[in-house]
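S.K.: build me a model from this:
(one chain, ligands or ions: 2)
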Amino acid sequence: MVPSRQGDGGELYAHSEELEAKLRGLAKKESLEIEKSLENDKKTYGSHIKILILGGPSSGKSTIFKQMQIIHANGFKTEQELIQYRGLIDTNIRQTYRQLVSGARVVGISLESLESLVHDINKVYAPMAADEFSIRTIPDVVEPLTAFWNSREIQEVYKRRYEFELLDSTKYYLENLNRISKSDYLPNEEDIVHSRKATVSINSIVFQYTGVSLLMVDVGGQRSERKKWLHLFDDAKVVIFVIDLTGYAKKSEESRTELSRFPNFFNEIGNDAFDMKVALKIFNDVAGSHALANAVFLLFFNKVDLFKELLPQVSLQPCFSKFAEENSYDNTSKFICDKFIRAAKPKKSVFPHFTTATNTENIKMVFRACMESVFKANSKATGLS
Ligand SMILES: Nc1nc2c(ncn2[C@@H]2O[C@H](COP(=O)(O)OP(=O)(O)OP(=O)(O)O)[C@@H](O)[C@H]2O)c(=O)[nH]1
Ligand SMILES: [Mg+2]
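M.R.: Ligands and ions are numbered 1, 2, ... in the order given. Now for the predicted structure:
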């Protein structure tokens, strides 16, 4: 310690020297601590910032993940990848045809007048094995399948699609059959983001965003897959939680199972669980997770395009009994958004966004806005600034 000189103002001088030394020491210690913490971070998750994409089944997680591959990485270019997606798209087309046939039964619309079309379509599909490498959308199926799709009966069934399981990309694929059936057909990016395969693995991608290295992780949303989520939470800085906006009108098999597991949570709606209620429950669990206490939450209210189509047909009220306003986009989207924000802890950083995951430009724009909010959010919590 520097001795203090009495009486000539030296006390102050001595103290300031002492203070400076102290500050120098502190600065050194602090920088050592910062270095140590960065070192620890690198050990646990490399030098990347981890972003988890979570949400209920079929909410659009993998579609967002694919858009990141298109926007920030190389997209889908290799012949092998494209051939695999072609197989998946062909499988999706046959799947959607079958779903429409059984959907007609569910909603009680007779397909008797379409018997010969159904016969012609089945004749083409029957010899093809049920795996995605054998099924092809060959020209022979295009004519009867197009006539089937355009028939009054099937259009009526399609209008009531939320009463049974149907692929979201039904209309997109059935209106592109001529192109897809060409012998040299290879899918473009729009075709790929419309394809559907439930995720049963953990997919990850690393890409640079404004000089920051991001590690994005996509997981499956089905209940069996959600068991894998927990061990990914620890070092996640950002969670993109995806919500299927059309889930307010759907009651999938999966939701019924959830209902029996959490009877208290769903008591307000009796014996029926809408998919959106299940999504709310999953979000409630994730947002309350201790391991994600400091993570920034980005809420993606997804499938805005389908949601807007659905609103004139189905009211929000059966799903949320307290909703008593006109079923407009503004009213319903605000109501749903408020519900989810309230399900998060009050202190949480939650940023809502409305998205159409199949639209590359929309996701590009939303992701930019998201990253701005993430960078601005509490730097200690995110480690990003
Ligand atoms: N029209 C439309 N379709 C969408 C949108 N988002 C996703 N889809 C479609 O919805 C289907 C399901 O999307 P996925 O991305 O596979 O859903 P997921 O959340 O990964 O599902 P799991 O892996 O089973 O948890 C796919 O056919 C997508 O093309 C959207 O905003 N609009
Ligand atoms: Mg998926």
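
S.K.: please report phi then psi for the nearest residue to residue 47 once chain neighbours are set aside.
M.R.: Once flanking residues are discounted, residue 47 sits nearest to residue 213: 5.8 Å by CB to CB, 6 or more residues apart in numbering. (Each C-beta comes from the backbone N, C-alpha and C, glycine too.) Phi and psi for residue 213, reported as degrees, to the nearest 10, are phi -90, psi 120.

S.K.: what does residue 217 give?
M.R.: phi -120, psi 130.

S.K.: show me the beta-bridge partners of it.
M.R.: Beta bridges link residue 217 to residue 52, residue 204 when assigned by DSSP bridges.

S.K.: what about it, how many residues nearby?
M.R.: 19 (other CB atoms under 10 Å).

S.K.: can you name the residues that contact the residue of the stretch 251-385 of the chain found nearest ligand 2?
M.R.: Going by CB to the ion, ligand 2 is nearest to residue 357 of the stretch 251-385 of the chain, at 10.8 Å. By CB atoms under 8 Å, 6 or more residues apart in numbering, residue 357 lies in contact with 60, 63, 64, 67, 193, 242, 300, 302, 303, 363.

S.K.: which of these are buried?
M.R.: Buried members of these, scored by 16 or more other CB atoms under 10 Å, are 60, 63, 64, 67, 193, 242, 300, 302, 303, 363.

S.K.: from those, which ones fall inside strands?
M.R.: Residues of the buried ones among the contacts of residue 357 located in strands (DSSP state E): 242, 300, 302.

S.K.: could you measure from the second one over to residue 172?
M.R.: In this view, residue 300 and residue 172 are 20 Å apart by CB to CB, to the nearest Å.

S.K.: now the last one
M.R.: Here residue 302 is placed at a distance of 16 Å from residue 172 (CB to CB).

S.K.: now the first one
M.R.: As for residue 242, its distance to residue 172 is 19 Å (criterion: CB to CB).

S.K.: residue 349 too?
M.R.: Taking CB to CB, one finds residue 349 at 35 Å from residue 172.

S.K.: need the ones in strands among the buried ones among the contacts of residue 357 in JSON lines (columns: distance to residue 341 and pLDDT).
M.R.: Shown next, in JSON lines, are these (distance: CB to CB, whole Å; pLDDT from 0 to 100):
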{"residue": "242", "distance to residue 341": "15", "pLDDT": "98"}
{"residue": "300", "distance to residue 341": "13", "pLDDT": "98"}
{"residue": "302", "distance to residue 341": "16", "pLDDT": "98"}
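
S.K.: restrict those to contacts with ligand 1.
M.R.: With CB under 6 Å from any ligand atom as the criterion, those include residue 302 near ligand 1.

S.K.: which of the ones in strands among the buried ones among the contacts of residue 357 lies closest to ligand 1?
M.R.: The closest of these to ligand 1 turns out to be residue 302 (CB to the nearest ligand atom; 4.9 Å).

S.K.: what is the neighbour count of residue 179?
M.R.: 13.

S.K.: and residue 319, how many neighbours does it have?
M.R.: Neighbour number of residue 319 under other CB under 10 Å is 22.

S.K.: that one is in contact with residue 274, isn't it?
M.R.: Yes - taking CB atoms under 8 Å as the definition, residue 319 is a contact partner of residue 274 at 4.4 Å.

S.K.: which pLDDT value belongs to the residue nearest to residue 106 when sequence neighbours are not counted?
M.R.: Closest residue to residue 106 apart from its sequence neighbours, by CB to CB, 6+ apart: residue 164 at 4.4 Å. On pLDDT, residue 164 comes in at 94.

S.K.: contacts only, for residue 164.
M.R.: Contacts of residue 164 (CB under 8 Å, 6+ apart): 99, 102, 103, 106, 107.

S.K.: distance check, the nearest residue to the first one once chain neighbours are set aside against residue 92.
M.R.: Take residue 99 and drop its neighbours on the chain: the residue closest to it by CB to CB, 6+ apart is residue 166, 4.8 Å away. Using CB to CB, one gets 11 Å for the distance from residue 166 to residue 92.

S.K.: more neighbours: these two, which one.
M.R.: Per other CB under 10 Å, whichever of residue 166 and residue 92 has more neighbours is residue 92, with 23 against 20.

S.K.: does the more buried one count as helix, strand or coil?
M.R.: Following DSSP: H, G, I helix; E, B strand; the rest coil, the label given to residue 92 is helix.

S.K.: wait, it sits on residue 192?
M.R.: No - between residue 92 and residue 192 there is no contact under CB under 8 Å: 11.2 Å.

S.K.: secondary structure class for the residue nearest to residue 99?
M.R.: coil.

S.K.: in terms of contact, does it touch residue 102 like I think?
M.R.: No - applying CB under 8 Å, one finds residue 166 not in contact with residue 102, separated by 9.6 Å.

S.K.: so which strand or helix has the nearest residue to residue 157 once chain neighbours are set aside?
M.R.: Using CB to CB, 6+ apart and skipping the chain neighbours, the partner closest in space to residue 157 is residue 104 (4.8 Å). Element membership for residue 104 (DSSP states H and E) is helix 79-107.

S.K.: could you give me the average pLDDT of that helix?
M.R.: On average, helix 79-107 scores 96.

S.K.: that helix - contacts with which helices or strands?
M.R.: Counting contacts by 3 or more CB pairs under 8 Å, 6 or more residues apart in numbering; DSSP states H and E, helix 79-107 packs against helix 115-125, helix 139-150, helix 152-159, helix 170-174, helix 177-180, helix 189-194.

S.K.: quick one: closest of these to ligand 1.
M.R.: The nearest among these, by CB to the nearest ligand atom, is helix 189-194 at 4.4 Å.

S.K.: ok, now which ones touch the most centrally placed residue in the chain?
M.R.: For the chain, the residue sitting closest to the mean C-alpha position, by CA atoms, centre = their mean, is residue 61 at 2.7 Å. Listed by CB under 8 Å, 6+ apart, the contact partners of residue 61 are 53, 54, 55, 199, 218, 219, 221, 240, 242.
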